[in-house]
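okay, here's the prediction I keep looking at, along with the sequence it came from:
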Amino acid sequence: MVYYLRGTEAPTLYTIWSALWALSTALKREAWLKWFTGELYSNYYTLLVGPAGVVKKSFSIDVACQALRGMRRFIPDTQIREMKHLAIVSGKATPEALLEAMIPKKRRGPEFHIRGPDGAPLYDDQGRPIMYRKTSEVGIALSELASTIGRKDYSKGFIEDLLDLYDPKDRWQWKTVKRGNVTLRNTHTTLIAASTPSGFRQSVPAVAMSDGFLSRSVVCYQSWTDREFDEPIPVVNGPSPEDLQRRLGWIAGTVVGEFVFSEEAREFYKGWYHHLRQRLKIDVAMQGIQSRLDILVRKVALLIRAQRYDADPEARVVELEDVKAAEKLIRKTFNESSALIRSLTSEGAPESAGKIEEFLRRHSKIARTDLMKRAHIQADDLSKVIDQLYQEGRVKIWLSGKAQQFPSRNGGEIYEWSGDVWAEAPEQEAHGNGRPKDIRAPDRSHVQSDPVHKRNRKVAKDK
């Protein structure tokens, strides 16, 4: 899919997350990870955020939907092909439209007895024939988030429905005014939506941001793309839309059953998980939003394993390379969107916080005057962002070659980028039970208790 869209202005990161959404939607509940006493499925929510017109957000979403709608004919196994009647909800979706797509009796395809390779019916432990019954699995694709999840009467409760449907359930009661209680069976909900930063801020209620919606979502933010095509160019000898459908159909028909982590993958994940916990202990502001990153890494690792075209149906193992690739992808995605998320969730945070962080990451060192001109930001807002980044240990402040502990209004002040919010886990520094050494926040106790520092801050603020 990345190769197919190489001749377009769709950012590669958008394409990757759109392809992963298509994989999760295609696998549904037919593939899962072993998890405690149950199953962990691959569903999650994806939000592609970027300025209008500058980056093509819906391009990769449309290609992913096209691949999903045409993949069934390439699934050779008759039974699995009947299980893959997908429900794709797109356009200006409403809670009613979502419910309609999920009602089992309104889904396409038959219900049938599942048969083994020899054609004989399969039976459960009680001696009853195993039946495949229609399910309530659905994929939601929104080219504009604000048109669906907005402050309008018809979309009231849509966020709450998405929160309820996130964890797959064997049975779920949907209460409606007109229909009463509607029973859904074997739910599995995926979401991909595009939005501008301002549209996202305006359409998603603040309570939803802090109440679990963002922690269940991958926010993929791209402010710009260096690709420039006055019209899309097909890649010479590249894949066609039918090739994408054929490949996705092969994956959907082959990747079936329970998967487990290899021992190497488990050991790496254990150390990474400890690193994550230590980092969240320091970064209180991001605890809620990144509280499900461990589960997301597992789910994405399963999807990366699925797209490796392993022809052995018995090799249901997620390898170390899959987990590392998932962690690296998620780390890059969250690092690029961290400032945007903070501006959306923190009261008083300037909307240009993401732009400031991007300039700092790109230029390494930049003077205050230059940063204000390029980011088109006011002095007070810039000081707020720089001070927050300094407290997080991500920016160093220099004035006349001397390190400073807080930003001033001196135009010659230099800001130096010193690291992303999510650094790579120190693999080689493991000890004891495989955990890496603890990470610690920069020691600012002397700064917070210093009365001179407080006075200087007050003077700077008054100025």
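Structure received.

show the pLDDT at residue 344.
pLDDT for residue 344: 67.

if you could redo that for residue 461, that was the one I meant.
49.

check the gap between the residue lying closest to residue 410 once chain neighbours are set aside and residue 406 for me.
With sequence-adjacent residues excluded and distances taken as Cβ to Cβ, 6 or more residues apart in numbering, residue 410 is closest to residue 399, at 6.0 Å. No exception for glycine: its C-beta is placed from N, CA and C like everyone else's. Residue 399 is 11 Å from residue 406, where distance means Cβ to Cβ, to the nearest Å.

so, low pLDDT: which residues of the stretch 51-200 of the chain?
Within the stretch 51-200 of the chain, the stretches with pLDDT under 70 are 150-156.

let's see 80
92-93, 146-157, 176-179, 200 (pLDDT under 80).

and the strands in it, which stretches?
88-90, 112-113, 131-132, 136-142, 171-176, 180-185, 187-195 (DSSP state E, counting those that start in this stretch).

buried sites along the fourth one?
What that stands for is strand 136-142. 136-142 (16 or more other Cβ atoms under 10 Å).

for that strand, packing partners?
helix 12-27, helix 58-69, strand 88-90, helix 95-102, strand 187-195 (3 or more Cβ pairs under 8 Å, 6 or more residues apart in numbering; DSSP states H and E).

for that strand, give me every contacting residue.
21, 25, 28-29, 61, 64-65, 68, 86-91, 93, 98, 101-104, 107, 148-149, 172, 184-194 (Cβ atoms under 8 Å, 6 or more residues apart in numbering).

one more pass at 6 Å, please.
25, 28, 61, 65, 87-90, 101-102, 104, 148, 184-185, 187-193 (Cβ atoms under 6 Å, 6 or more residues apart in numbering).

select only the buried ones of these in PyMOL?
To isolate the buried subset of the contacts of strand 136-142 in PyMOL, counting by 16+ other Cβ under 10 Å, use the following:
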select buried, resi 25+28+61+65+87+89+90+101+102+104+148+184+185+187+188+189+190+191+192+193
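
sec struct for the closest residue to residue 420 other than its chain neighbours, please.
Nearest non-adjacent residue to residue 420, counting by Cβ to Cβ, 6+ apart: residue 335, 4.2 Å away. Following DSSP: H, G, I helix; E, B strand; the rest coil, the label given to residue 335 is helix.

bridging residues for the residue nearest to residue 410?
residue 402 (DSSP bridges).

how near is it to residue 411?
Look at residue 399 and residue 411: by Cβ to Cβ, they are 10 Å apart.

ok, residue 235 next?
Residue 235 is 47 Å from residue 411, by Cβ to Cβ.

apart from its chain neighbours, what residue comes closest to the residue nearest the centre of the chain?
The chain has residue 218 as the residue nearest its centroid, 1.7 Å off, counting by Cα atoms, centre = their mean. Leaving aside its sequence neighbours, residue 218 sits nearest to residue 46 (Cβ to Cβ, 6+ apart; 4.9 Å).

run through who's touching whichever strand or helix holds the one you found.
Using DSSP states H and E, residue 46 falls within strand 45-49. Strand 45-49 has contacts (Cβ under 6 Å, 6+ apart) with 14, 17, 21, 57, 191-195, 197, 200, 216-221.

just the buried residues out of those, in ChimeraX syntax.
Per 16+ other Cβ under 10 Å, the buried members of the contacts of strand 45-49 correspond to this ChimeraX selection:
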select :14,17,21,57,191,192,193,194,195,197,200,216,217,218,219,220,221
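
residue 221 reaches residue 337, doesn't it?
Yes. Here residue 221 reaches residue 337: they are 3.8 Å apart, a contact under Cβ atoms under 6 Å.

on that earlier part again, what's the farthest-apart pair in the buried residues of strand 136-142?
Comparing all pairs in the buried residues of strand 136-142 by Cβ to Cβ, the longest separation belongs to 136 and 142, at 19.1 Å.

run the angle between the helix or strand hosting residue 251 and helix 12-27 for me.
Here residue 251 sits within helix 241-254, counting by DSSP H and E. Relative orientation of helix 241-254 versus helix 12-27 (axes from the mean of the first three to the mean of the last three Cα atoms, to 10 degrees): 50 degrees.

about what we covered before: how much space between the residue nearest to the centre of the chain and residue 275?
20 Å.

mind listing the helices for the stretch 151-300 of the chain?
158-166, 197-203, 206-210, 241-254, 263-282, 293-306 (DSSP state H, counting those that start in this stretch).

run the chain-centre distance for the fifth one.
Using Cα atoms, centre = their mean, to the nearest Å, the distance from the centre of helix 263-282 to the centre of the chain it belongs to is 19 Å.

list the buried ones in it?
Using 16+ other Cβ under 10 Å as the test for burial, helix 263-282 gives 265, 267-276, 278-280.

so how far is residue 307 from residue 272?
Taking Cβ to Cβ, one finds residue 272 at 21 Å from residue 307.

I meant to write residue 292 there.
22 Å.

break the chain into its domains for me.
Domain assignment for the chain by automatic domain parsing gives 12-339, 348-462.

okay, the ones you listed, which one's buried deepest?
Highest mean neighbour count among these (mean count of other Cβ atoms under 10 Å): domain 12-339, with a mean of 18.

could you tell me the end-to-end distance of it?
Counting by Cα to Cα, to the nearest Å, you get 20 Å between the two ends of domain 12-339.

what's the offset of it from the middle of its chain?
The answer for domain 12-339 is 9 Å, by Cα atoms, centre = their mean.

do stretch 395-410 as well
That offset, for stretch 395-410, works out to 35 Å (Cα atoms, centre = their mean).

let me see the mean pLDDT of that stretch.
Here the average pLDDT along stretch 395-410 is 91.

put the alpha carbons of it into CSV.
Only the C-alpha atoms of stretch 395-410 are listed here, as CSV (Å, rounded to 0.1, in the frame of the first residue of the first chain):
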residue,chain,number,x,y,z
VAL,A,395,14.6,21.5,25.8
LYS,A,396,17.7,23.3,27.1
ILE,A,397,17.7,27.1,27.5
TRP,A,398,20.8,29.1,26.8
LEU,A,399,21.6,32.8,27.1
SER,A,400,25.1,34.2,26.3
GLY,A,401,26.4,30.6,26.6
LYS,A,402,25.0,30.0,30.1
ALA,A,403,22.3,27.5,30.9
GLN,A,404,19.0,29.1,32.1
GLN,A,405,16.2,27.5,34.2
PHE,A,406,13.3,29.4,32.7
PRO,A,407,12.6,31.4,29.5
SER,A,408,12.8,35.1,29.4
ARG,A,409,11.9,37.7,26.8
ASN,A,410,15.4,38.2,25.6
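
re the thing from before, now tabulate the domains of the chain in a markdown table and tack on distance to residue 3.
Shown next, in a markdown table, are those (distance: least, Cβ to Cβ, whole Å):
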| stretch | distance to residue 3 |
| --- | --- |
| domain 12-339 | 5 |
| domain 348-462 | 27 |
